[in-house]
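Asks: Turn this into a structure:
(one chain, ligands or ions: 2)
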Amino acid sequence: MYNDAEELGLFKETLINFEKRGETMEKHLKIAVSGKGGVGKTLVAGVLAEYLASKGFTVLAIDADPTPNLALTLGVPPEEASKIVPVSENTALVESKTSTGMPGVYNLSFSVADIVENFSVKTPYNVHLLVMGTVRSAGSGCMCPANTLIRALLHHLIVKRKEAVVTDMEAGLEHMGRGTAEHVETMLAVTDSSLKSMETAKRLCGLAKQIGIKERFIVENKVASQREGELIEQFAKQNGIPLLGLIPHDDAILRADREGETPLKYVNQSTGVAAIRKLGEKLLTGNSSSSL
Ligand SMILES: Nc1ncnc2c1ncn2[C@@H]1O[C@H](COP(=O)(O)OP(=O)(O)O)[C@@H](O)[C@H]1O
Ligand SMILES: [Mg+2]
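Replies: Ligands and ions are numbered 1, 2, ... in the order given. This is a model prediction of the structure:
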């Protein structure tokens with residue numbers, strides 16, 4: 001899609017922008033994707049992860065949705081994807097980390113550094129995937145061992161690891177504590193043109209701000225008309241949330257879904273995939289503050 005000169009130009013521009021801001025590239029690339037169910041979070045997270053990997057970053061994608069399906073978007077064949085055991089459901093792992101041998105008493109100072117190496121899956125487009133499984137909200141007061149492990153792991157991956165990390169999350173950020181959230185550089189709140197999903201995106205941006213996520217953007221997906229684009233622009237402006245960009249409705253994405261294929265296979269034919277890669281470019285080059 002890009003020729004070498006363009007590629008080099010983009011890379012240089014990226015470096016210059018990071019230098020200007022006195023940041024390292026790794027620090028910048030902790031991205032969380034959230035939004036109401038069905039708006040396209042998994043699609044956006046998967047394509048962004050693949051885009052960053054194609055630009056030479058080591059990328060870890062985290063599936064933190066209770067119904068995980070990021071593996072398929074990243075090109076893992078369905079029969080292999082169904083065999084992936086989420087960390088929270090890996091009883092042996094959870095026990096080995098948190099058990100003290102005494103019922104009801106958990107070890108809370110365990111190391112999680114080995115989990116990526118042992119439990120992440122290398123996917124066909126060069127992205128490493130870690131499937132977290134269900135994480136109960138902290139509000140419920142649940143301190144069960146699996147929950148503790150997931151929170152510690154998420155913290156480690158976002159705060160300590162050097163890779164670019166893209167997290168696909170359900171529409172709630174409760175399980176991301178402040179200490180983790182402060183290291184998330186960017187949250188993309190994905191919405192479609194329904195008012196409910198826009199309101200969810202707005203709520204998520206407010207929540208993300210509260211817990212310390214540095215940059216928050218709205219992304220509108222499945223845009224089918226100019227009018228829809230205008231409405232979200234208006235909504236974003238009214239609520240003071242920057243709009244990172246629009247992703248068109250694209251039958252190629254639905255077709256891939258129906259066939260059980262990854263939309264990444266259609267990178268050259270899909271206007272939707274191309275638009276998401278463009279958003280990745282905006283995030284990389286730091287040209288994201290100017291909305292569209
Ligand atoms: N731009 C788009 N054009 C057409 N269909 C899309 C688009 N984005 C997502 N979809 C479809 O919408 C459905 C939900 O997308 P998904 O990424 O699974 O959402 P979420 O993770 O938010 O629940 C899927 O069937 C997906 O193929
Ligand atoms: Mg999803």
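Asks: Ignoring the adjacent residues along the chain, who's closest to residue 90?
Replies: Nearest residue to residue 90, sequence neighbours excluded (Cβ to Cβ, 6 or more residues apart in numbering): residue 119, at 7.2 Å. (Glycine included, C-beta is placed from N, CA and C.)
Asks: Quick check: that neighbour touching residue 87?
Replies: Yes - taking Cβ atoms under 8 Å as the definition, residue 119 is a contact partner of residue 87 at 6.3 Å.
Asks: residues shared between the contacts of the two?
Replies: Counting by Cβ atoms under 8 Å, 6 or more residues apart in numbering, the contacts common to residue 119 and residue 87 are 93, 130.
Asks: Run through the residues that contact the residue nearest to residue 90.
Replies: Per Cβ under 8 Å, 6+ apart, neighbours of residue 119: 87, 90, 93, 130.
Asks: Which of the residues you listed has the largest number of neighbours?
Replies: The most crowded member of the contacts of residue 119, judged by other Cβ atoms under 10 Å, is residue 87 (26 neighbours).
Asks: Quick check: phi and psi at the residue nearest to that residue when sequence neighbours are not counted.
Replies: With sequence-adjacent residues excluded and distances taken as Cβ to Cβ, 6+ apart, residue 87 is closest to residue 132, at 5.3 Å. Main-chain dihedrals, residue 132, degrees, to the nearest 10: phi -80, psi -40.
Asks: average pLDDT across the helix or strand hosting residue 281?
Replies: Under the criterion of DSSP states H and E, residue 281 resides in helix 271-285. Averaging the model's pLDDT scores along helix 271-285 yields 96.
Asks: What of stretch 253-260?
Replies: Rounded mean pLDDT across stretch 253-260 is 94.
Asks: Could you identify the longest strand within this structure?
Replies: strand 215-223 (DSSP state E).
Asks: how big is the angle separating it from helix 271-285?
Replies: 170 degrees (axes from the mean of the first three to the mean of the last three Cα atoms, to 10 degrees).
Asks: Just list what whatever helix or strand comes next after strand 215-223 packs against, helices and strands only.
Replies: Next helix or strand after strand 215-223 toward the C-terminus (DSSP H and E): helix 226-238. Applying 3 or more Cβ pairs under 8 Å, 6 or more residues apart in numbering; DSSP states H and E, we find helix 226-238 packed against helix 195-210, strand 215-223, strand 243-248.
Asks: one step back: out of the contacts of residue 119, which is nearest to residue 199?
Replies: residue 130 (30.4 Å; Cβ to Cβ).
Asks: Would you check how far apart that closest one and residue 260 are?
Replies: 22 Å (Cβ to Cβ, to the nearest Å).
Asks: Can you name the residues of the protein sitting close to ligand 2?
Replies: The chain comes close to ligand 2 at residues 41, 42, 65, as judged by Cβ under 5 Å from the ion.
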